[in-house]
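1. model this:
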Amino acid sequence: MMEEDLMQVHRTFYNLFKWCTFLVVLLGVFLLPGCNQRQQNPPRPVPRVSTVTVHTQKVTLTTVLPGRTSAFRVAEIRPQVSGLILKRLFTEGTDVKEGQVLYQIDPAPFQAALDNAKAALAKAEASLPAIKLRAERYRQLLADKAVSQQNYDDAESALKQVQAEIEYWKAQVETARINLGYTSITAPISGRIGRSSVTEGAIVTAYQPVPLATIQQLDPIYVDVPQSTTELLRLKRRLKRGTLYQDRAKQKKVKLIMEDGTEYPLEGAFSFRDVSVDPTTGSVILRMVFPNPKSVLLPKMFVRAIITEGIKRDAILVPQQAVNRTPKGLPYVLIVGNEGKVERKMLELDRAIGNKWLVVSGLNPGDQVIVEGLQFVRPGMPVKATPFGKNKGPGTKPDAGGKTAPKKRSGGA
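-> Predicted coordinates:
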């Protein structure tokens, strides 16, 4: 009996040893990979970022304003006398010279009126000597009491009537001559003439509301662009504070961008700024004059004028790719601080200049702005900074700043 109890104890200890061995092996299976992984994974390295160092520079600020062209001079051709159009003496769509005959109105009735006035004038002038001599004789006889005062007064009155009639018919002759000249309708200015609203055989009336044709002088040509009064006041404040100064020679020069995006080859000149504000748009009209020798610019064409606002001597520019925005749309950049840690700085932007933003406030000269590697860093993290563009591949260059470019509004400015 005791032998059986002893064997039972041995079996119990054997099963216990077997289960302990199994647990040790199982624990080793789970713990050994973790130890190996801790030994194989070294600490995370410090992120590397590319930065640009902020510095001030002189930048010419420009703004792009949309506008339309308008003819330098416009003349609507209307008849000054009524009559029948005999001839049209020009080709539609061609250039005409000042004084060139465009239409010929039938001159016959006006020639007859001139001849009639001349005949009446000659008749009045023919009766003048006899009446003048009679008035002189009556004046002499009146001194001897040979005629009455009434007879002398009648003779003197008749003389004045004839003299007045002569002046009247002289005026009628001149009027008839002017009307006869108006039968030849001439061009008041040189320019390009459009289509004709009448043909030969049409009856026209003096100073009719519908013009016969329109002449437009295209060289030079005006460009009218609206400028917001808000922008105008902001520009004046900046000039007054001295943050922006103007170069008079550059201020007068204007460049033009055509409808297809190409730049017009000739420079224009600023003419004047209108003194009245359009109440519907809150803007004033700026007028520029451009040479147009080849008639590339046509009236009512949509264009964009590049106007120089002034020169900013202490401008700060940062690459656009370095600027991020908060969920509310406010712009900010990440910089490398003095301790080599990332810091966030909120910005106030003015406009885009090339591929950069013009910064109004938020950065100081010497700040290292992170341009590449932004997705791997957060504020407070230590980083290792390298100059932007230093590790670029062949064929690439570091970003250049300070280019003059048209004004564009930033969403967070």
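2. quick one: name whatever helix or strand follows the helix or strand of the chain with the lowest mean pLDDT.
-> Across the helices and strands of the chain, the lowest-confidence element by mean pLDDT, DSSP states H and E is helix 2-40, at a mean of 57. Next along the chain after helix 2-40, taking DSSP states H and E as the criterion, comes strand 48-53.
3. packing partners of that following strand?
-> Of the remaining helices and strands, those touching strand 48-53 by 3 or more C-beta pairs under 8 Å, 6 or more residues apart in numbering; DSSP states H and E are strand 331-336, strand 368-372, strand 384-387. Any C-beta I mention is one placed from the backbone N, CA and C, and that applies to glycine too.
4. in TSV: these, plus distance to G93.
-> What follows is the helices and strands packed on strand 48-53, written out as TSV (distance: least, C-beta to C-beta, whole Å):
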stretch	distance to G93
strand 331-336	53
strand 368-372	56
strand 384-387	61
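5. could I get the ones you listed as JSON lines with mean pLDDT?
-> JSON lines is the format used below for the helices and strands packed on strand 48-53 (pLDDT from 0 to 100):
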{"stretch": "strand 331-336", "mean pLDDT": "91"}
{"stretch": "strand 368-372", "mean pLDDT": "91"}
{"stretch": "strand 384-387", "mean pLDDT": "87"}
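6. closest one to P293 among the ones you listed?
-> Proximity to P293 (C-beta to C-beta) singles out strand 331-336 among these, at 45.5 Å.
7. just want the angle from that closest one to strand 48-53.
-> Counting by axes from the mean of the first three to the mean of the last three C-alpha atoms, to 10 degrees, strand 331-336 points 110 degrees away from the direction of strand 48-53.
8. which is the next helix or strand following strand 331-336?
-> Beyond strand 331-336 on the C-terminal side, the first helix or strand identified by DSSP H and E is strand 342-346.
9. please, which helix or strand holds E136?
-> Using DSSP H and E, the element containing E136 is helix 108-143.
10. any low-confidence regions in the stretch 301-413 of the chain?
-> Low-confidence segments of the stretch 301-413 of the chain, defined by pLDDT under 70, are located at 390-413.
11. ok, which stretches of the chain are helices?
-> Here the chain has its helices, by DSSP state H, at 2-40, 108-143, 149-182, 229-241, 248-251.
12. how about the second one: buried residues?
-> Applying a neighbour-count criterion of 16 or more other C-beta atoms under 10 Å, the buried positions in helix 108-143 are 109-110, 113-114, 117-118, 120-121, 124, 131, 134-135, 138, 142.
13. need those in JSON lines with pLDDT and distance to P220, can you?
-> Shown next, in JSON lines, are these (pLDDT from 0 to 100; distance: C-beta to C-beta, whole Å):
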{"residue": "P109", "pLDDT": "94", "distance to P220": "42"}
{"residue": "F110", "pLDDT": "95", "distance to P220": "38"}
{"residue": "A113", "pLDDT": "94", "distance to P220": "43"}
{"residue": "L114", "pLDDT": "95", "distance to P220": "41"}
{"residue": "A117", "pLDDT": "94", "distance to P220": "45"}
{"residue": "K118", "pLDDT": "94", "distance to P220": "46"}
{"residue": "A120", "pLDDT": "93", "distance to P220": "50"}
{"residue": "L121", "pLDDT": "92", "distance to P220": "48"}
{"residue": "A124", "pLDDT": "88", "distance to P220": "53"}
{"residue": "I131", "pLDDT": "84", "distance to P220": "61"}
{"residue": "R134", "pLDDT": "81", "distance to P220": "67"}
{"residue": "A135", "pLDDT": "80", "distance to P220": "64"}
{"residue": "Y138", "pLDDT": "75", "distance to P220": "70"}
{"residue": "L142", "pLDDT": "74", "distance to P220": "72"}
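14. nearest to Q321 among those residues?
-> Closest approach between these and Q321, by C-beta to C-beta: F110, at 77.6 Å.
15. show me where pLDDT drops low in the stretch 151-300 of the chain?
-> Per-residue confidence for the stretch 151-300 of the chain (pLDDT under 70) gives these ranges: 238-251.
16. domains of the chain?
-> Here the domain parsing of the chain from automatic domain parsing is 49-59+313-387, 61-71+217-311, 79-105+183-210, 107-182.
17. between the two ends of the longest one, what distance do you get?
-> What that stands for is domain 61-71+217-311. Length of domain 61-71+217-311, first residue to last, C-alpha to C-alpha, to the nearest Å: 6 Å.
18. chain center to it, what's the gap?
-> Relative to its parent chain, domain 61-71+217-311 has a centroid offset of 5 Å by C-alpha atoms, centre = their mean, to the nearest Å.
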